[in-house]
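J.: Just to be clear, the model below is a prediction. Sequence and coordinates:
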Amino acid sequence: MMDILGKPATMAMVSTSNTALPFKRKRSRCLIDCVGNATGDLLPFKDVTKSKVISCAMEWAELNGNEGELAGEIIGKDGEVLPDVKFQEHGYHRHCYNRFTDVSKIARARTKKQNTGK
């Protein structure tokens with residue numbers, strides 16, 4: 001939605017005539033930023049994407065690399081998944097989601113860890 005000057009509306013509620021419409025809150029950051037410089041819209045987590053990210057984070061947490069570090073932010077040091085609030089506050093880039101949930105990439109990282117012992 002645009003304001004009267006043609007700029008994107010930034011208020012929590014946007015008024016059109018006599019009704020107020022909810023305006024999407026801007027997501028603060030990509031929760032699974034694997035790339036570091038990904039651009040594009042931050043998408044909100046839905047039940048399916050949240051579940052897939054948690055599942056992959058549990059696998060990545062045992063492995064090394066950038067994704068393993070990101071998994072540590074999602075799973076936490078005590079092995080518990082972060083509260084739902086974090087998923088509601090943040091979003092994800094499509095590219096980051098595809099990379100983080102790529103099962104072939106997880107399998108390669110697991111094989112590499114087994115072969116090198118690291």
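T.: On my side now, so go ahead. Numbers count the residues shown, from 1 in each chain.

J.: outside of the host helix or strand of Tyr97, which residues touch it?
T.: Using DSSP states H and E, Tyr97 sits in helix 94-100. Outside helix 94-100, the residues that touch it by Cβ atoms under 8 Å, 6 or more residues apart in numbering are 30, 32-35, 38, 40, 43, 49, 53, 56-57, 60, 67, 70, 105. Just so you know, the C-beta spots here come from the backbone N, C-alpha and C atoms, and that holds for glycine as well.

J.: Stretch 58-73 now?
T.: Residues from elsewhere that reach stretch 58-73 (Cβ under 8 Å, 6+ apart): 31-34, 56-57, 75, 82, 99-100, 105-106, 109-110, 113, 118.

J.: For ChimeraX, write the select line for the buried members of these.
T.: Listed next is the ChimeraX selection for buried residues among these, using 16 or more other Cβ atoms under 10 Å:
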select :31,32,33,34,56,57,75,99,100,105,106,109
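
J.: circling back to that earlier point, return the subset of the contacts of helix 94-100 lying in strands.
T.: Mapping the contacts of helix 94-100 onto strands (DSSP state E) picks out Leu43.

J.: Flag the shaky bits of the protein, pLDDT-wise.
T.: Applying pLDDT under 70 to the chain picks out residues 1-27, 84-85, 118.

J.: could you measure Thr111 against Ser104, distance?
T.: 10 Å (Cβ to Cβ, to the nearest Å).

J.: So for those two, which residue has more residues nearby?
T.: Neighbours per residue (other Cβ atoms under 10 Å) separate Thr111 from Ser104, with Thr111 holding more: 10 against 7.
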